[in-house]
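Trainee: Sequence below, structure please.
(4 chains)
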Protein chains: 4
Amino acid sequence: MSNFGSDNVTGAHPQIMAALSRAAAGSATPYGGDDWTARVQDRLRQVFDKPDLLAFPVATGTAANALALATVVPPYGSVLCHADAHVQVDECGAPEMFTGGAKLVPLAGDHGKLTAAAVQAAIDHAGVRDVHRVQPAAVTLTQATEAGTLYGLDEVRAISAVCRAHGLALHMDGARFANAVAALDVAPAEVTWKAGVDILSFGASKNGCWAAEAVVFFNPALARDFVYRRKRSGHLFSKMRFLSAQLEAYLEDDLWLANARHANACARRLADGLGQAGVTLAHPVQANEVFAHLPPPVRQRVADAGFVVIPWGDLGPDAVRMVCAFNTDMADVERLLAVIAGRAG
Amino acid sequence: MSNFGSDNVTGAHPQIMAALSRAAAGSATPYGGDDWTARVQDRLRQVFDKPDLLAFPVATGTAANALALATVVPPYGSVLCHADAHVQVDECGAPEMFTGGAKLVPLAGDHGKLTAAAVQAAIDHAGVRDVHRVQPAAVTLTQATEAGTLYGLDEVRAISAVCRAHGLALHMDGARFANAVAALDVAPAEVTWKAGVDILSFGASKNGCWAAEAVVFFNPALARDFVYRRKRSGHLFSKMRFLSAQLEAYLEDDLWLANARHANACARRLADGLGQAGVTLAHPVQANEVFAHLPPPVRQRVADAGFVVIPWGDLGPDAVRMVCAFNTDMADVERLLAVIAGRAG
Amino acid sequence: MSNFGSDNVTGAHPQIMAALSRAAAGSATPYGGDDWTARVQDRLRQVFDKPDLLAFPVATGTAANALALATVVPPYGSVLCHADAHVQVDECGAPEMFTGGAKLVPLAGDHGKLTAAAVQAAIDHAGVRDVHRVQPAAVTLTQATEAGTLYGLDEVRAISAVCRAHGLALHMDGARFANAVAALDVAPAEVTWKAGVDILSFGASKNGCWAAEAVVFFNPALARDFVYRRKRSGHLFSKMRFLSAQLEAYLEDDLWLANARHANACARRLADGLGQAGVTLAHPVQANEVFAHLPPPVRQRVADAGFVVIPWGDLGPDAVRMVCAFNTDMADVERLLAVIAGRAG
Amino acid sequence: MSNFGSDNVTGAHPQIMAALSRAAAGSATPYGGDDWTARVQDRLRQVFDKPDLLAFPVATGTAANALALATVVPPYGSVLCHADAHVQVDECGAPEMFTGGAKLVPLAGDHGKLTAAAVQAAIDHAGVRDVHRVQPAAVTLTQATEAGTLYGLDEVRAISAVCRAHGLALHMDGARFANAVAALDVAPAEVTWKAGVDILSFGASKNGCWAAEAVVFFNPALARDFVYRRKRSGHLFSKMRFLSAQLEAYLEDDLWLANARHANACARRLADGLGQAGVTLAHPVQANEVFAHLPPPVRQRVADAGFVVIPWGDLGPDAVRMVCAFNTDMADVERLLAVIAGRAG
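Mentor: Below you'll find the model as predicted:
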């Protein structure tokens, strides 16, 4: 495919479609009482080496994030997040809706990343226990970030230490969690609960599924009222096996990591090729997204050749985003590079 | 299948799976900018003979209902509904969440149906323009009802006349709309907008889809802010074609009506056979649901034979619900009847 | 005064005005850090014989009720209340707003009173732990009721026992709490926390104050987030001493009980006189409200004589409400009785 | 008084107490149907030279702001405000609660003021009509600002022009509106509706009242659902005359402006004296608030002499706020200046 606009322009991976087809026949207990859903939770417990985690399938990343935050943030609470975070910028106020009107506090940070220092400063400034002020209740990190960068283990640990010290929950928006784990090459447990993450939005829709995410509570006590909030928001599927069958196939034989590795490799190749062509990158390329400055004539050539890339005005008038996915064809990457370098058109 | 517990114990119809498989390849504009979604709206415009209707796919009936109501009911408004309505009983407060705290006003009515007189009386009693009282803003009907019964055209028209006279919107929860249309044998337009319905939750999940509904606005002006509310509630799918491909296949060659006719015929046969066996029905059987009083020994035989039916305590200690679906095997119906009649076990 | 429409047609008691005048001079720490507020809490601790209660002044009964319920009812929760309760009928959905969309479940009951059996039945019917159903979280009683009747100690205890058994909080709407305590002639502790009440809306506005209520938490742990909710809803007064000075004067030398006893005595005399005149009462008269059936000619005489009484259609076309207050002139009661009896006009 | 901490450490002005005392006797129609409330609206129509404005008394500034914004901002909307605005910083999320979860967008600006350019840039950046983004719905200005500065007429007009161009409502938080009008020496109409302000929170609590504000709609169409929102939030007072009697006295013979002129004059004298003493001001002094940098030894002298001033950490470790009010004694100002200058202690 020649569409580098986003990883959500893709459809579903063949193995996931096959699993859905198998799941379509016969009857099953509705609303999550089915075997697929039970198996997904078991599998996630293995993946994360955490036998007591609780995992709940939902269909969209916005639902996963908003529900996760609503379980730990009261209406008078606040969520500290990066100024470019999806929850702050791209969800039309979903966290505010699900929490009953909590406030998101956008913080600055290079390349899409929060720092422990910035989180600490925000808490210091927040007026803790001052009734006139919303009360910090959670921090949310995006891994991989909206800038296509990664939090290292030490960075997550440092932020979680600040959270612990002040009683805040730590949520990770893992819409591209697979890309992060593949790139960091760490055990999923290391970069999540062992580093202090309480709740993970485990994304799958961008990496081979149709529409499937899991909200993973590493601390099961936090999940106490999740099921009511999920139902109440319309996110409890009657035919839950539809979500769970996707997730089961996604996890089977580590398809999720294979898919992510492929996307990351394509992005790596793209970044390297751009560097060789003298193109300036706007962010380090660490997962499956590439942000670059392309002069207008180059962008014209790219468009003329039938490639879709997305203008990214926040980074400047000549900036674009290019995203690689599980089904990106490396030949398309090479062809795109040739067009950019002026070797093809 | 021998599971008569609900129509949501089913998986997906083969034609719908086939359509999904076809849709899985290639790239598409995300968030509903794809061709499938456009075609579904076109097709619904034909089905309802209404060239300016607006239709929005969502994944669950609860989402469809709550979003539909939220577009027309302010936080200080009320929704008049049957006391047994799904929105009132089975959605864990979703309409309250989506409207920002409106009140549902449950009304009594035989066999799951509201009457125009009951709606009028509720409005008379509501304190219209009294600032101490929530203000009636919408009526919601369920077609087919939770009791498996149907509103006739005259009944819908009478209720909509009351709505019109008082400026209330009329919503129809059509989780089993296909069963109703098939049973009434009317044009979809007749029982909806021509009878005064403003918004329809057009259900498909119970009748052959995995998870797909469409919120249909017959009056497009009412849809003004729907898209923001859908996004904000986490119900805008990035890979929208997943929902739309289901709906397209569902509508193609009137699969939706064929599925519903089959389910209705199974229920009809079940009801007739129960009558012959001397079993008392709790509600008239007009669509695909059967409510009956089964003495304990009969229920034991049914369970022993491997059939799933659902105890329905609201109708009495011996009441059960049996639901037929698009994939119910008529042979299973006959077998169930034989067990109930004591001819098999 | 000849206005028997409500106890809120009154102004403020002279002792309360005098206290306000004294409080007007000088500076004080804002937002409740003042001495008046501290003294009110101390005084309430004495009044209720509960040294660890927490009391928070607010200005309106609707605020008191909605804030009290919001501290113990989650968005997916429900509040069991009488069908005629102020929270259900007369607050334009305030509890729904403050709880983030919880559901009020109206229950029937003679003369404005819930029974333990009705509460138990509602819980049995509610679907506890069923994610499709809102979860019962609180019961609210009104004391004295909207019908001018009283819960006896045994009745409160029986209801609180049901609450305890199912983990529900028990709230008491005490808009006319003074009238109830005066009529029951019990210690305030007996009819509240000793009988199992967790939170009381301690009303004062109807009984001599301008605008002052206290939300009283007998279990201080429940008040954990009250102060944030109060601020967030605009009910934290900067010049809190204005509220607290009213409450201090209201409590001083048991002015609250003296006022209530006077109102009750007027209502008692009114009820007795009506009985002698052959007028049918619609509810027993146990506090300061009288509901009676007055034939049209009698109502015309009452109006012609300049008395304000309120038509009360819920009780029938000839029903009226007459309310006595702290400043009702017993001579006016006698005059009203004379008019009703046809002895004057 | 020697408390310069805030203008809300004051009590009530004697004329306002006298008016309350007069209003306390006799009966009146509750919930705003009284004569005081009608007269206040008439008087405000004269004050603002706008015969069709609608004015609604409430008791707190937070209620006024949150209710005003909720009438014009949908749940999926955003409010552009200064980063230091009371609505953003000091109301514990009240606007979020009342709007059902809208987002406040904090903008930078010198000395507490928004600029038209900043508002325009925020709108340009907001993603208007992008369903993933909250939609700009209102701008709110604070006049006088949180920094004690003023918007000139041209500044308000420039901002309102941007609002008009993009369909946003313009709200003015006038907690210190009297101080602004007195300082600007303009007709109230000029700085509000004639400059494009749609809704004003007309503050009185800080300038002589106990607890009284009016939400003033210059465009009465915007007030359509205000009364339901006020009731629903617990801000409709049964004894409304209590609020209205304060406001009537506040407006009578322009007491509001006389009070404000006095407070402003005290602040002017304080600022001038500080300048003579070599103290650096943190903001221009244009109304009744003074922000200054006081070295630790000076602050110690001030505290030792019994004066209350408030540390204002946002402006630096040595910054303090000093506020003058309607009842500030000019002799106290002189005494404070003497202490700061080291001439007294």
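Trainee: Can you name the residues that contact the residue lying closest to A:Gly77 once chain neighbours are set aside?
Mentor: Using Cβ to Cβ, 6 or more residues apart in numbering or on different chains and skipping residues adjacent in sequence, the residue nearest A:Gly77 is A:Ala137, 3.3 Å away. Placement of C-beta: from N, CA and C, glycine included. Residues counted as contacts of A:Ala137 (Cβ atoms under 8 Å, 6 or more residues apart in numbering or on different chains) are A:Val72, A:Val73, A:Pro74, A:Gly77, A:Ser78, A:Val79, A:Ala102, A:Leu168, A:Ala169.
Trainee: Of those residues, select the buried ones using a ChimeraX command.
Mentor: With 16 or more other Cβ atoms under 10 Å in any protein chain shown as the criterion, this ChimeraX line picks the buried residues out of those:
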select /A:72,73,74,77,78,79,102,168,169
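Trainee: Need the three-state assignment for the residue in the stretch 51-200 of chain A that chain B sits nearest to.
Mentor: Taking Cβ to the nearest Cβ, chain B has its nearest neighbour within the stretch 51-200 of chain A at A:Ala63, 3.2 Å off. What DSSP: H, G, I helix; E, B strand; the rest coil gives for A:Ala63 is helix.
Trainee: Next one, pLDDT for it please.
Mentor: The score at A:Ala63 is 98. That number is its pLDDT.
Trainee: Spell out which residues of chain A are next to chain D.
Mentor: Neighbours of chain D within chain A, by Cβ under 8 Å from any Cβ of the partner chain: A:75-76, A:78, A:89-93, A:96-97, A:99-104, A:131-134.
Trainee: So which bits of the longest helix that chain A contains are buried?
Mentor: Of all segments of type helix in chain A, defined using DSSP state H, the longest is helix A:255-276. Residues of helix A:255-276 classed as buried: A:255-271, A:273-274 (neighbour count, 16+ other Cβ under 10 Å).
Trainee: Can you pull the domain assignment for chain A?
Mentor: A:2-8+A:255-340, A:14-253 (automatic domain parsing).
Trainee: The first one vs chain B: in contact?
Mentor: Meaning domain A:2-8+A:255-340. Yes. On the criterion Cβ under 8 Å from any Cβ, domain A:2-8+A:255-340 is in touch with chain B at A:Asn3, A:Ser6, A:Asn8, A:Val308.
Trainee: model confidence over that domain, on average?
Mentor: Averaged over domain A:2-8+A:255-340, pLDDT sits at 96.
Trainee: how far out from the middle of the chain is that domain?
Mentor: Centroid separation for domain A:2-8+A:255-340 versus its chain: 18 Å, with Cα atoms, centre = their mean, to the nearest Å.
Trainee: same check, this time on the longest one
Mentor: Put simply, domain A:14-253 sits 8 Å off its chain's centre (Cα atoms, centre = their mean).
Trainee: From A:Val290, how far off is the closest residue to A:Cys324 other than its chain neighbours?
Mentor: Spatially, and ignoring its direct neighbours in sequence, A:Cys324 is nearest to A:Cys266 (3.6 Å; Cβ to Cβ, 6+ apart). With distances taken as Cβ to Cβ, to the nearest Å, A:Cys266 is found 9 Å from A:Val290.
Trainee: swap in A:Asp49?
Mentor: 32 Å.
Trainee: Going toward the C-terminus from the longest strand belonging to chain A, what's the next helix or strand?
Mentor: Using DSSP state E to assign secondary structure, the strand with the most residues in chain A is strand A:135-142. Once the chain leaves strand A:135-142, the next helix or strand it forms, by DSSP states H and E, is helix A:153-166.
Trainee: in that following helix, what's buried?
Mentor: Buried residues in helix A:153-166, defined by neighbour count with 16+ other Cβ under 10 Å: A:Glu155, A:Val156, A:Arg157, A:Ala158, A:Ile159, A:Ser160, A:Ala161, A:Val162, A:Cys163, A:His166.
Trainee: Looking at those residues, spot the one nearest chain D.
Mentor: Set against chain D, the nearest of the buried residues of helix A:153-166 by Cβ to the nearest Cβ is A:His166 (17.9 Å).
Trainee: wait, what's in contact with the closest one?
Mentor: By Cβ under 8 Å, 6+ apart, the contact list for A:His166 reads A:Ile123, A:Val128, A:Pro136.
Trainee: one more time with 6 Å
Mentor: When contacts are counted by Cβ atoms under 6 Å, 6 or more residues apart in numbering or on different chains, A:His166 is found next to A:Ile123.
Trainee: cool, A:Arg133 as well?
Mentor: A:Arg133 makes contact with A:Gly127, according to Cβ under 6 Å, 6+ apart.
Trainee: List phi and psi for it.
Mentor: Backbone torsions for A:Arg133, taken as degrees, to the nearest 10, come to phi -120, psi 140.
Trainee: Compute the number of surrounding residues for the residue of the stretch 51-200 of chain A closest to chain B.
Mentor: Using other Cβ atoms under 10 Å in any protein chain shown, A:Ala63 has 27 other residues around it.
Trainee: how much space is there between A:Val73 and chain C?
Mentor: Distance of A:Val73 to chain C, computed by Cβ to the nearest Cβ, to the nearest Å: 12 Å.
Trainee: which residue packs closest to that residue, ignoring adjacent ones?
Mentor: Leaving aside its sequence neighbours, A:Val73 sits nearest to A:Ala137 (Cβ to Cβ, 6+ apart; 4.3 Å).
Trainee: how far away is the one you found from A:Pro75?
Mentor: Counting by Cβ to Cβ - A:Ala137 and A:Pro75 are separated by 10 Å.
Trainee: ditto for A:Ile16
Mentor: Separation of A:Ile16 from A:Pro75 (Cβ to Cβ): 38 Å.
Trainee: check contacts around the closest residue to A:Lys206 other than its chain neighbours.
Mentor: Sequence neighbours aside, A:Asp7 is the residue nearest to A:Lys206 in space, at 4.1 Å (criterion: Cβ to Cβ, 6+ apart). For A:Asp7, the contact set (Cβ under 6 Å, 6+ apart) comprises A:Lys206, A:Val323, A:Ala325.
Trainee: 8 Å instead, please
Mentor: Residues near A:Asp7 by Cβ under 8 Å, 6+ apart: A:Arg176, A:Lys206, A:Asn207, A:Ala263, A:Asn288, A:Val323, A:Cys324, A:Ala325, A:Phe326.
Trainee: got the residues you listed as TSV, with secondary structure columns?
Mentor: Putting the contacts of A:Asp7 into TSV (three-state DSSP) gives the following:
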residue	secondary structure
A:Arg176	coil
A:Lys206	helix
A:Asn207	helix
A:Ala263	helix
A:Asn288	coil
A:Val323	strand
A:Cys324	coil
A:Ala325	coil
A:Phe326	coil
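Trainee: List just the nearest of those residues to B:Leu236.
Mentor: Ranked by distance to B:Leu236 (Cβ to Cβ), those are led by A:Lys206 at 14.6 Å.
Trainee: tell me the pLDDT at the residue of the stretch 101-250 of chain A found nearest chain B?
Mentor: Closest residue of the stretch 101-250 of chain A to chain B, Cβ to the nearest Cβ: A:Gly234 (3.2 Å). As predicted, A:Gly234 sits at a pLDDT of 98.
Trainee: Quick one: residues contacting the residue nearest to it when sequence neighbours are not counted.
Mentor: The shortest distance from A:Gly234 to any non-neighbouring residue, by Cβ to Cβ, 6+ apart, is to B:Ala63 (3.2 Å). Under the criterion of Cβ under 8 Å, 6+ apart, the neighbours of B:Ala63 are A:Ser233, A:Gly234, A:His235, B:Ala94, B:Glu213, B:Ser233, B:His235.
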